[in-house]
Every structure is written in C-alpha cells, then in structure tokens.
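[1] Provided below for reference: sequence and predicted model.
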Amino acid sequence: MDNVLETVILTLFGDNFSPREEFLLLELIHSAIYEDISAHKDLSGFLENNTVITKVIVTYCRRDQGQEYLSSILSDLIQETVAQSSQDIIEISPVRLHMLMTGKNATSDEEALANPEVKRKVQEHITKLLQLADNFLNRIVSTVDQLPYGLKWICKKISEIAANKFPGAKREAVQRVIGYFVYYRFINPAIITPENFGIVADRLNYQTRQCFYQVAKVLQLLFNFAQYGKAPYQKPINDFIDSKKPVLNDYFTNLIKVKDPQEALMVDKYTDLTQISRPVILINYDELYHTHELIIQYLENVAPNPTDKLRQIVKDLQPLPEFDFDDPSHEVKLELVNRWDDTDKLNEEPPVLEQTSEVAVQLFRLMPVVNYPKDISLFQILESLYGLNDKKVTDLVNKLKSLIAQLQKERGLDTNGAANLLQEELTNKIQNLASIKERRNNELNRLKTAVKNLEEHRQFLTDQLTSYQKYLNTARERQTVQSKAKKPNKKDKKKSIKFTYAELKKSGVIVDSTINKQTQKATSFTFAASDKPGTINVKAKMAGISAASVELLVDELLELQQAGESRMIINDGDLTLDVTKTLDLLNKNFLAK
C-alpha cells in the first residue's frame, strides 16, 4: 500500500508544487475522504481503523511543502531545546525520579513524593515541561497560515463531510479528527525525531529524546482534548491543557478558513484549455509496471462503468507483458496527453438536484401569492397550478415533475423524500444567495481569464505563423534568385523532366488513377520548376496531346506528411500520389541543395 501511495502521490502528482497537479490530487483525496467517512458509523471508527485515507494524508504531507513548513517553524525551537536539555533529563514520574536520585525503589508515587527533594524536582520538571510545551504550542498556533494549503483544505473537507454524515457529533469530536492529522500524524513526528526531517544533523541522546517525548505527549493530549492523568501531582499539566482549549478552538477555526482549490490555486475546468505546454511525469519502470498491474487487478472497482475511459486505455495497452527490465529503477519521462476533448466538460449538465431546484425557483417566481394549507404537499401544489391555464407555468410544472422523478430514481427516494430533499436544497440556496452570487461572479471571472489567456495564446501562435511564413518565403525567394544567377552546367538539376506513367507507377509516386490501362502506356508527365517559390508545374500528355495541368505545392505535401496522411488526390480524383515518394522525387530533381 505504501508503495502504491508513493507512486500515486509523489510520482504521478509530483513532489514539486504545481497548481494543476495540486488541484487534481486534492480532488482525489476529497473523494477518498468522502468514501472513507461514509463507510463508518461514527468518527471514532474512522480513526481507530487506521484507514487508507490516513496513509494517503500522511504520504501527502511528506511532500516538499510539508517538510519545508516543519523545518521553518520548528528548527530554532528544537535546536534551542537540544542545547538546553542535553545534560538534564525531564522526568516527571515520581517513582523513576526517586530511583534516579536515591538509587532506591519506591512502591508508589506517594512514597516517592514523600521525599522533599524528589517532590521539588517533579515540580521543577513539570514547570519546565509546560514552558516548553507552551513554546511549541504558540509556534504551531501562530503559524497556522503557513500550513500547506492542501492540508488545510483537507481538514476543511473532513470537517464538512463529518458534520453532514454525523450531524449529532460534537465539535470536539470533529476537531479531534483534524488534530489527529495535523498534529499527531504531521507535526508530532518532527518533534520526536527531528533528525529524520533534517532539523538536526546528529541523532539525539537519551536525555534530549525523552524531553521531546514528554513535550509531544502533552501536546498530543491537548489536541486530543484528553487529560494527562488523575494523580494529584499531574494536576498542573491538566490545568495547562484545560487553559489552552480556547486557544486550540481558535486554531481549528482558523485552520479550516481556506478557499476552495478553484479560487486558491486559480485552477478550474477551463485551465487545461489554456495550457501551452503539456505536463510531464518522471516514473521508473517498476512503478509503471506495477501501476498497470494493479489497475488491471482492480479494474472492476476503480472503473465499474463499462464506458469508463480507463477501460478503453487498459484495452488499448493489451495484456500485461512479462516483467523483464535490466534496470527497474531507471526513470523515464512521459508527456501526458489527453486523448479526449475536454471541451465536452464545459457542456456537461449540472446534477439533477441542482437542475430541479433551478426549475423550482423559476416556477415559484411565476406563481400567484396564495396562502396554502400547512399540510398540503408539493405535488398537490403543482397539480393546482395547471388551473392557471398559463402555458409557461404548465411547461415548468411538467419539467419539474420530470426532474423530481429522475431525482427519485437517482437517490432511491419516495415522493416525500424527494420533496424534502428539494425543500432542503432550496432552503440552503435561499440562505446562501450571496455566496452563490459570489461563486458565479468568480466563475465568470475565471472564464474571462481563460478567454483572455486563449486569445493571447492565439495571437502568439498567429504571430509565430506569420514569422515562419515570412522566413519561408524569404528562403524560397533567395533560393530562386541563386538558381537564376547560377551559370548552367551539366551538373545542374534539370529545369524540367519528363516521366512516363509506367516510371511513376513503378517508383511508387502514382498510387492510383482513373486512366485506363490502354491509355496509361501513352501517358507522360512533365515536371517543371515554377517561377513561384515552392511550386512545381505538372503537365500530362496522352499520345502527345496535352490533357491536364496542375500545380504541386511543396507546402501542401509537407503539411500532409506532418499530419500523417500518405496520399494526395489531385485533379478531382483522376490521380492519387504517394506523399513521401512525391516529395522524394521533387527533392531529387528540383529543390536546390
């Protein structure tokens, strides 16, 4: 699983930050979070099962952005702590301190604390521990805005999905899940093992390691909204945790105040249309082979729809070959090309629920103001509207009823369930009219930006094409002038050359023709250079009588070759030429070197 996640997250989506890759990766993680949380009966089960999404988020945080954040906020604190704690261990267990100080075992905390020196040392260590924990907490809280954008957005989605899936869950329960990912799985490892994150160069000694373990434990309990213990000597730690809960609540509130990827990353459904360069990935043979292997193995799960595009790709790739590479770790650079036209996405219909609510709003605006009974159903109201004898209202009623039927089928709802869902959607829409308007304005602005970028790119290509054409024409004119100024001699290529039909057929220039076999024997073609650059005149004669004349444009032949076309049809289909063979003939006999 770890190798798969590394391939997907670090290889396919890249370790370096790119808005496009970040957007796609976050969409993938969002879908995984939704599926994972929806599969559990409560939030505690989601965390206890150590699900795949946990590993996904942990792997995601291992990218450069996460490592840079941890290093930037923790380096000075950790190095300062290392310098101060290298000689003195922070031990707050009375029994263990009693053994360290006296060399004798104590049977209980109470017995150990009966020694005044041990009691004083415990209090001293707890004070020092809480000061360190407070320093680390302040640094974490004050740098919430510096957290990697993706991690904050993931936490926002976890909060939203959990609130919708478990409406009765307490705020602390949701914050505990967020804290698990942000602190326990992301920040905590860097505090305990800073050498693994490049924060310190050397491995920590026992005293320093124990100090960081103690700090991390206090912070972990705080982020988990838990107590340290019930022993009287632990009360100062519990008091510290309780006093910091308001700070932590503010931290979680600020943590999920983040814009959606479309706005934050300036990436949307129009972005790919304005891409000038294609994205590339670096992947080794081993990763490539085993990704292909897993897709085939789990194709029914990842692409259950028979029309899924992934199925077409797998089919085109043919059966998995034997794994036989001299160097499985050798990396290859792959350019990503979309085989399908993304412009279709711009015309996709919105979800059925959204369409239903839009039609309902249009209908309500046309309805007369009537005080309906409280117990009347939506469908009874719709039936009553037929009595208005208004064609527009009737059409909207019919359309709304049709959409509600689709909604019932799609969601597996009865009529009351569909009506309640529609009512909830309309209520949310009315309550969020301002934000909807803002989203639409943002969408319009993004579309305008995309159009502007496309126009700039079109102008860029037009200017390039004009420049290339000028250069090509200049080169041809120069070639023509040089050819005319050159003194003729026997080594010069002929100004015109004659070929019989049979010669052109044998050399492969002529592929097919409408000329009958008897006439072919008496047919010849004269190729002559034109005064126009890049143009060759061809005259056909049958039994010495002129039959037809055409111009062969070198540019046209080159464009056909570039487009992968092997045939050129001339004179309304009378003659079909092989593009490559024709270019070879012209190069050999007419185009100057």
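    Received it, and whenever you're ready, just let me know what you need.

[2] I'd assumed H98 was in contact with S108.
    No - the criterion here is CB atoms under 8 Å, and S108 misses it with H98 at 10.0 Å. Where C-beta positions appear, they are placed from N, C-alpha and C, glycine not excepted.

[3] and the pLDDT at the residue nearest to M542 when sequence neighbours are not counted?
    In space, and not counting its chain neighbours, M542 is closest to T523: 5.1 Å by CB to CB, 6 or more residues apart in numbering. Note on T523: pLDDT of 91.

[4] quick one, what contacts C61?
    Shown in contact with C61 (CB atoms under 8 Å, 6 or more residues apart in numbering): 148, 151, 185-186.

[5] nearest to A133 among the residues you listed?
    Nearest to A133 among those is F186, at 17.4 Å by CB to CB.

[6] count of neighbours near that closest one?
    Residue neighbour count, defined by other CB atoms under 10 Å, stands at 21 for F186.

[7] do you know how far the residue lying closest to it once chain neighbours are set aside is from I29?
    When the adjacent residues along the chain are set aside, F186 lies closest to C61, with 4.8 Å between them (CB to CB, 6+ apart). Note on C61: its distance to I29, by CB to CB, to the nearest Å, is 11 Å.

[8] returning to that earlier point: the residue nearest to M542 contacts I545, correct?
    No - between T523 and I545 there is no contact under CB under 8 Å: 10.4 Å.

[9] so for these two, which residue has more residues nearby?
    Shown here are T523 and I545; by other CB under 10 Å, T523 has more neighbours (20 against 8).

[10] roughly how far does the more buried one sit from V314?
    Going from T523 to V314 by CB to CB gives 52 Å.

[11] about what we covered before: contacts only, for the residue nearest to M542.
    Counted by CB under 8 Å, 6+ apart, T523 has contacts 500-501, 515, 540-542, 547.

[12] widest-spaced pair of those residues?
    Taking every pair in these and measuring CB to CB, the maximum separation is 13.9 Å, between T500 and A547.

[13] quick check: buried residues in the host helix or strand of T127?
    In the assignment (DSSP states H and E), T127 maps to helix 116-142. Buried residues in helix 116-142, defined by neighbour count with 16 or more other CB atoms under 10 Å: 118-119, 121-122, 125-126, 128-130, 132-134, 136-137, 140.

[14] and what of stretch 27-46?
    Buried residues in stretch 27-46, counted by 16+ other CB under 10 Å: 28-30, 33-34, 36-37, 40, 43, 46.

[15] which pair in the contacts of C61 spans the largest distance?
    P148 and R185 (13.4 Å).

[16] okay, the two: which has more neighbours?
    Shown here are P148 and R185; by other CB under 10 Å, P148 has more neighbours (21 against 15).

[17] give me the pLDDT value at the closest residue to that one other than its chain neighbours.
    Spatially, and ignoring its direct neighbours in sequence, P148 is nearest to Q65 (4.3 Å; CB to CB, 6+ apart). Note for Q65: predicted pLDDT of 84.

[18] name the SS class of Q65, please.
    helix (DSSP: H, G, I helix; E, B strand; the rest coil).

[19] same thing with E556?
    Secondary structure, three-state DSSP: E556 is helix.

[20] who's in contact with the residue nearest to it when sequence neighbours are not counted?
    In space, and not counting its chain neighbours, E556 is closest to M568: 7.5 Å by CB to CB, 6+ apart. Contacts for M568 were tallied using CB under 8 Å, 6+ apart; they are 556-557, 560, 576-579, 582.

[21] if we go to 10 Å?
    Neighbouring residues of M568 by CB atoms under 10 Å, 6 or more residues apart in numbering: 511, 552-553, 556-557, 560-561, 575-579, 582-583.

[22] if it is in a bridge, with which residues?
    Residues in a beta bridge with M568, per DSSP bridges, are L577.

[23] and the closest residue to M266 other than its chain neighbours, how many neighbours does it have?
    If the residues on either side of it in the chain are set aside, M266 comes closest to P19, at 6.4 Å by CB to CB, 6+ apart. By other CB under 10 Å, 14 other residues sit near P19.

[24] now, the buried residues of stretch 27-46 that are in helices?
    28-30, 33-34, 36-37, 43, 46 (DSSP state H).

[25] for the residue nearest to M542, phi and psi?
    For T523, the backbone dihedrals (degrees, to the nearest 10) come out as phi -100, psi 140.

[26] and the strands in this structure?
    With strands called from DSSP state E, the chain shows them at 280-284, 331-335, 496-500, 510-513, 523-529, 535-542, 545-553, 567-570, 575-578.

[27] as CSV, the ones you listed with distance to Q355 would be great.
    As requested, these are exported to CSV (distance: least, CB to CB, whole Å):
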stretch, distance to Q355
strand 280-284, 37
strand 331-335, 38
strand 496-500, 66
strand 510-513, 54
strand 523-529, 64
strand 535-542, 57
strand 545-553, 52
strand 567-570, 48
strand 575-578, 52
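
[28] and of those strands, who's closest to A173?
    Nearest to A173, of all the strands of the chain, is strand 280-284, at 39.0 Å by CB to CB.

[29] buried stuff in that closest one?
    Those would be 281, 283-284, for strand 280-284 by 16+ other CB under 10 Å.

[30] in JSON lines: the residues you listed, plus pLDDT and distance to T519.
    Converted to JSON lines, the buried residues of strand 280-284 look like this (pLDDT from 0 to 100; distance: CB to CB, whole Å):
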{"residue": "I281", "pLDDT": "70", "distance to T519": "58"}
{"residue": "I283", "pLDDT": "77", "distance to T519": "59"}
{"residue": "N284", "pLDDT": "79", "distance to T519": "62"}
